[in-house]
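# With the sequence up front, the predicted model follows.
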Amino acid sequence: MMAVSSVCKDGKMGMDNGKYVRYTPEQVEALERLYHECPKPSSIRRQQLIRECPILSNIEPKQIKVWFQNRRCREKQRKESSRLQAVNRKLTAMNKLLMEENDRLQKQVSHLVYENGYFRQQTQNTTLATTDTSCESVVTSGQHHLTTQHPPKDASPAGLLSIAEETLTEFLSKATGTAVEWVQMPGMKPGPDSIGIIAISHGCTGVAARACGLVGLEPTRVAEILKDRPSWFRDCRTLDILNVLSTANGGTIELLYLQHYAPTTLAPARDFWLLRYTSVMEDGSLVVCERSLNNTQNGPSMPPVQHFVRAEMLPSGYLIRPCDGGGSIIHIVDHVDLEPWSVPEVLRPMYESSALLAQRTTMAALRQLRQISQEVSQPTVSGWGRRPAALRALSQRLSRGFNEAVNGFTDEGWSMMEIDGVEDVTVHVNSSPTKVMGLSLPYANGFQSINNAVLCAKASMLLQDVPPAILIRFLREHRSEWADSSIDAYSASAVKAGPCSLPGSQTASYGGQVILPLAHTIEHEEFMEVIKLENIGNYREDMIMGGGGDIFLLQLCGGVDENSVGTCAELIFAPIDSSFADDAPLLPSGFRIIPLDSRTDPSSPNRTLDLASALDVGPAGSRGIDDYAKNRGGTKSVMTIAFQFAFEMHLQENVASMARQYVRSIISSVQRVALALSPSRIGSHSGFRPPPGTPQAHTLARWICQSYRCFLGMELLKLNSGESESILKTLWHHSDAVLCCSLKALPVFTFANQAGLDMLETTLIALQDITLEKIFDEHGRKTLCSEFPQIMQQGFTCLQSGICLSSMGRPISYERAVAWKVLNEEENAHCICFMFINWSFV
């Protein structure tokens with residue numbers, strides 16, 4: 001900045017030719033110091049500056065005000081310029097990626113056109129040719145049906161290098177070539193703000209997924225993160241590097257043994273014996289590729305492991321290229337054969353779904369990279385003073401603890417208890433020191449926890465015609481519909497307290513739950529929160545963590561977007577104490593729902609079945625399911641439930657009985673909720689068709705519109721006809737949120753249109769649990785109380801812009817609201833109707 005002094009005749013700093021003031025370097029330095037302390041000083045602070053800095057005494061306060069305005073404007077322009085440059089670099093890289101993808105698609109189209117012409121020519125030749133019964137013809141034709149038997153591959157160092165180079169070539173042909181026919185992942189659209197270009201395989205061996213994207217990390221850092229699979233892949237149990245070889249070109253060959261958790265109790269876990277090859281290409285790109293070593297000789301091998309099914313990884317990996325201006329362009333390919341034959345027929349779609357592989361593995365890798373990239377570029381401390389890395393570690397512990405409970409591996413100390421005559425719920429016990437050690441911490445009262453074992457009760461069930469996202473969202477928002485607060489209190493006290501007694505037959509009552517947000521991922525597909533269960537009654541307060549009758553849960557929720565294809569929905573939680581230490585012991589429990597996107601099964605009635613009993617592998621065991629599948633409809637998914645309890649060994653039988661009964665009661669509650677949430681029952685929520693038009697619903701819609709016209713003198717809806725069915729349909733799709741609440745001492749909502757349900761983040765079933773006072777803050781409640789007499793006397797009132805809350809505690813702003821009295825046929829007040837105009841989440 002150039003600064004030349006210009007002094008008026010009267011000795012004061014003035015305007016230069018009536019345009020601007022020129023400041024000396026010393027004056028600019030003094031003003032800059034204040035700007036960094038306070039970019040927008042008040043008039044008092046500006047006058048104080050003039051008094052404290054004699055060098056500014058000849059400048060008018062008004063001119064100093066103008067300087068600060070200009071300085072803020074320059075700062076804003078600088079930030080905007082930096083943002084636009086970053087966006088431009090990102091768009092340039094994305095454009096390059098899209099052009100490469102376009103070239104690849106053109107090659108794939110040309111390849112398909114060639115194949116189509118070849119097969120058409122073969123068909124014509126077959127039609128024109130005469131039948132030849134000679135020996136030569138028979139032998140020749142028979143050769144086309146022979147299965148090629150590949151000899152074992154050499155696993156010596158030289159042989160491993162040959163396998164590595166072959167793996168690299170095959171991987172690149174999938175990542176950038178046409179070796180696999182890729183189709184766009186349903187629901188995924190590329191763009192500057194999208195996660196990337198996601199595709200799934202069509203018609204290849206096994207299941208495969210591919211992703212291309214941009215990340216703001218250097219290639220070496222990207223490779224380091226991706227190779228540490230347990231840090232981002234939730235289904236990874238162990239990754240052991242058994243041997244490392246260096247290659248002449250500077251690359252490395254690693255022999256890996258990888259174990260995956262089973263996602264449900266109804267299927268065995270998977271493991272892989274792999275070769276991983278890391279090398280740098282001539283253009284500077286970094287490649288990490290992997291494949292299974294299932295058919296080798298003359299080298300290391302991995303024998304089958306008990307309780308695991310050996311799956312095959314076909315050439316897969318990561319192509320990481322440096323991007324101009326920093327960051328990386330990454331191609332990810334996952335291609336596996338998960339041996340679907342080893343699971344019951346009804347579960348095989350889960351192991352044959354490329355979309356599920358894309359969501360749980362391929363996109364998970366890309367999301368981890370984007371998350372870390374954002375944390376590096378925008379370092380913040382969030383989530384109750386915790387850094388993002390600490391919160392990621394907590395989410396990983398929750399997910400891993402739940403997976404351990406679902407799988408119950410014997411090498412981790414789990415043993416199965418005898419069944420109680422019904423096989424719907426299985427119970428495992430773990431008394432190993434490593435499992436119990438984290439629970440043996442001193443409590444606040446100075447006593448040592450004497451719980452010396454952990455029990456897990458678990459079950460799996462098939463859900464029919466219920467979207468997993470909606471069911472998980474309901475279980476999250478309405479815990480009182482399925483949970484027993486006395487069990488929650490017992491679980492909470494058993495983790496950290498001293499001696500505790502089993503809950504009695506009297507059921508405790510919830511005072512309510514408060515959801516305290518902690519963290520969320522970039523795309524909001526997963527979020528972590530602390531749940532505060534208030535005023536748990538009928539249980540000793542000294543046994544509840546923190547005292548005061550409140551319980552705290554650390555909760556992880558994901559997969560709540562019902563428009564996402566192949567998403568696994570999860571709700572995992574663990575009791576914590578109010579101190580919430582990073583190393584606090586966690587005993588995760590919860591729910592996991594995995595969609596079964598069967599391509600051939602027809603429709604079925606809306607009901608929920610328990611599949612945990614008498615479910616065998618193979619044709620005999622699946623016959624009943626197949627017979628049932630002929631009559632099934634809509635979507636289906638498998639839900640896994642697992643609950644863990646810490647206890648004293650001498651109470652094992654009592655705790656096991658309690659746990660079985662509790663899980664069975666949860667299954668019953670989930671069946672009831674699932675039936676209520678099926679599309680035919682809840683109507684048009686989150687993409688379903690509108691609710692069935694009951695006579696009461698049509699009548700209420702007519703009363704709402706008539707009362708609005710009566711009191712406000714205008715029409716609420718624009719209708720082509722006066723039919724009540726048309727009124728209900730138009731009201732349901734109205735863009736503004738319309739909600740009705742009862743005229744009781746404690747008003748509750750009785751009706752909402754689609755926008756109203758979206759605003760409150762609830763369903764028609766759960767709507768009646770929401771009271772009017774819960775959606776308003778203190779100011780809103782006072783305003784409503786003052787306006788209520790006017791509503792009853794005048795018939796309506798208009799509320800100014802304000803803030804209300806959804807059922808999940810999220811703030812909602814609205815431009816204005818109208819409340820009016822709804823009259824019935826006898827012109828008596830039936831309810832109060834609210835319409836929130838131009839609402840949005842803050």
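Yes, it's here.

# C-alpha only now, for contacts and for neighbours.
Will do.

# Mind checking what secondary structure Leu226 has?
helix (DSSP: H, G, I helix; E, B strand; the rest coil).

# Okay, the closest residue to it other than its chain neighbours and Thr730: tell me how far apart.
Once flanking residues are discounted, Leu226 sits nearest to Ala365: 6.8 Å by CA to CA, 6 or more residues apart in numbering. Taking CA to CA, to the nearest Å as the measure, Ala365 falls 44 Å from Thr730.

# Who has more neighbours out of those two?
Ala365 (22 against 16; other CA atoms under 10 Å).

# any idea how far His331 is from that one?
Taking CA to CA, one finds Ala365 at 11 Å from His331.

# Could you do Tyr708 as well?
Taking CA to CA, one finds Tyr708 at 57 Å from His331.

# cool, Phe834 as well?
Distance from Phe834 to His331, counting by CA to CA: 50 Å.

# same thing with Ala208?
13 Å.

# which of those two has more neighbours?
With neighbours defined as other CA under 10 Å, Ala208 and His331 compare such that Ala208 has more, 31 against 26.

# in its sheet, what does the helix or strand harbouring that one sit against?
Using DSSP states H and E, Ala208 maps to strand 207-215. The pairing partners recorded for strand 207-215 under DSSP bridges are strand 197-201 (antiparallel), strand 328-337 (antiparallel).

# model confidence over the first one, on average?
For strand 197-201, the per-residue pLDDT values average out at 89.

# Show residues contacting it.
If you take CA atoms under 8 Å, 6 or more residues apart in numbering as the criterion, strand 197-201 is touched by 180-185, 188-190, 207-213, 354-355, 358, 363.

# hang on, the earlier thing: of all the strands paired with strand 207-215, which one is nearest Arg45?
Of all these, it is strand 328-337 that lies closest to Arg45, at 47.2 Å by CA to CA.

# what does stretch 99-119 contact?
Thr176, Gly177, Thr178, Glu181.

# same thing but 6 Å
Residues outside stretch 99-119 that contact it (CA atoms under 6 Å, 6 or more residues apart in numbering): Thr178.

# Let's see it as PDB, backbone CA atoms only.
Provided in PDB are the C-alpha atoms of stretch 99-119 (Å, rounded to 0.1, in the frame of the first residue of the first chain):
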ATOM      1  CA  MET A  99     -12.800 -36.000 -19.700                       C
ATOM      2  CA  GLU A 100     -10.800 -39.100 -18.900                       C
ATOM      3  CA  GLU A 101     -14.000 -40.800 -17.800                       C
ATOM      4  CA  ASN A 102     -15.700 -39.800 -21.100                       C
ATOM      5  CA  ASP A 103     -12.800 -41.300 -23.100                       C
ATOM      6  CA  ARG A 104     -13.100 -44.500 -21.100                       C
ATOM      7  CA  LEU A 105     -16.800 -44.700 -21.700                       C
ATOM      8  CA  GLN A 106     -16.300 -44.100 -25.400                       C
ATOM      9  CA  LYS A 107     -13.900 -47.000 -25.500                       C
ATOM     10  CA  GLN A 108     -16.400 -49.100 -23.600                       C
ATOM     11  CA  VAL A 109     -19.100 -48.300 -26.000                       C
ATOM     12  CA  SER A 110     -16.800 -49.100 -29.000                       C
ATOM     13  CA  HIS A 111     -16.000 -52.400 -27.300                       C
ATOM     14  CA  LEU A 112     -19.600 -53.300 -26.700                       C
ATOM     15  CA  VAL A 113     -20.500 -52.300 -30.400                       C
ATOM     16  CA  TYR A 114     -17.700 -54.600 -31.600                       C
ATOM     17  CA  GLU A 115     -18.900 -57.500 -29.400                       C
ATOM     18  CA  ASN A 116     -22.500 -57.000 -30.500                       C
ATOM     19  CA  GLY A 117     -21.500 -57.200 -34.100                       C
ATOM     20  CA  TYR A 118     -19.300 -60.200 -33.500                       C
ATOM     21  CA  PHE A 119     -22.100 -62.100 -31.700                       C
END
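
# thinking again about what came up before, what about dumping the CA coordinates of the strand holding Ala208 to PDB?
This file holds the C-alpha atoms of strand 207-215, laid out as PDB (Å, rounded to 0.1, in the frame of the first residue of the first chain):
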ATOM      1  CA  VAL A 207     -19.100 -58.000  -7.100                       C
ATOM      2  CA  ALA A 208     -17.100 -54.800  -7.900                       C
ATOM      3  CA  ALA A 209     -17.200 -51.100  -7.300                       C
ATOM      4  CA  ARG A 210     -15.200 -48.200  -8.600                       C
ATOM      5  CA  ALA A 211     -14.800 -44.600  -7.400                       C
ATOM      6  CA  CYS A 212     -13.000 -41.600  -8.800                       C
ATOM      7  CA  GLY A 213     -12.500 -38.400  -6.800                       C
ATOM      8  CA  LEU A 214     -10.400 -35.500  -5.700                       C
ATOM      9  CA  VAL A 215      -8.800 -35.200  -2.300                       C
END
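
# how distant is it from the center of its chain?
Centroid separation for strand 207-215 versus its chain: 18 Å, with CA atoms, centre = their mean, to the nearest Å.

# next one: stretch 34-44
43 Å.

# Next: stretch 59-76.
That offset, for stretch 59-76, works out to 46 Å (CA atoms, centre = their mean).

# What of stretch 425-434?
Worked out by CA atoms, centre = their mean, stretch 425-434 lies 29 Å from the chain centre.

# In it, which residues are buried?
Val425, Thr426, Val427, His428, Val429, Asn430, Ser431 (16 or more other CA atoms under 10 Å).

# how about it as PDB, C-alpha atoms only?
Presented in PDB, the C-alpha positions along stretch 425-434 are these (Å, rounded to 0.1, in the frame of the first residue of the first chain):
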ATOM      1  CA  VAL A 425     -31.800 -65.300  20.900                       C
ATOM      2  CA  THR A 426     -28.300 -66.500  21.400                       C
ATOM      3  CA  VAL A 427     -26.200 -65.600  24.400                       C
ATOM      4  CA  HIS A 428     -22.400 -65.400  24.600                       C
ATOM      5  CA  VAL A 429     -20.300 -64.800  27.700                       C
ATOM      6  CA  ASN A 430     -16.800 -63.300  27.900                       C
ATOM      7  CA  SER A 431     -14.800 -63.400  31.100                       C
ATOM      8  CA  SER A 432     -11.300 -62.900  29.500                       C
ATOM      9  CA  PRO A 433      -9.100 -60.400  31.300                       C
ATOM     10  CA  THR A 434      -8.700 -58.300  28.200                       C
END
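
# Give me the contacts around it.
Gly413, Trp414, Ser415, Met416, Met417, Ala453, Val454, Leu455, Cys456, Ala457, Lys458, Ala459.

# so Leu338 touches Ala311, yeah?
Yes. Counting by CA atoms under 6 Å, Leu338 touches Ala311, with 5.0 Å between them.

# which residues does the residue lying closest to Ile704 once chain neighbours are set aside contact?
In space, and not counting its chain neighbours, Ile704 is closest to Val822: 5.7 Å by CA to CA, 6+ apart. Residues in contact with Val822 (CA under 6 Å, 6+ apart) are Ile704, Ser707, Ala829, His830, Cys831, Ile832.
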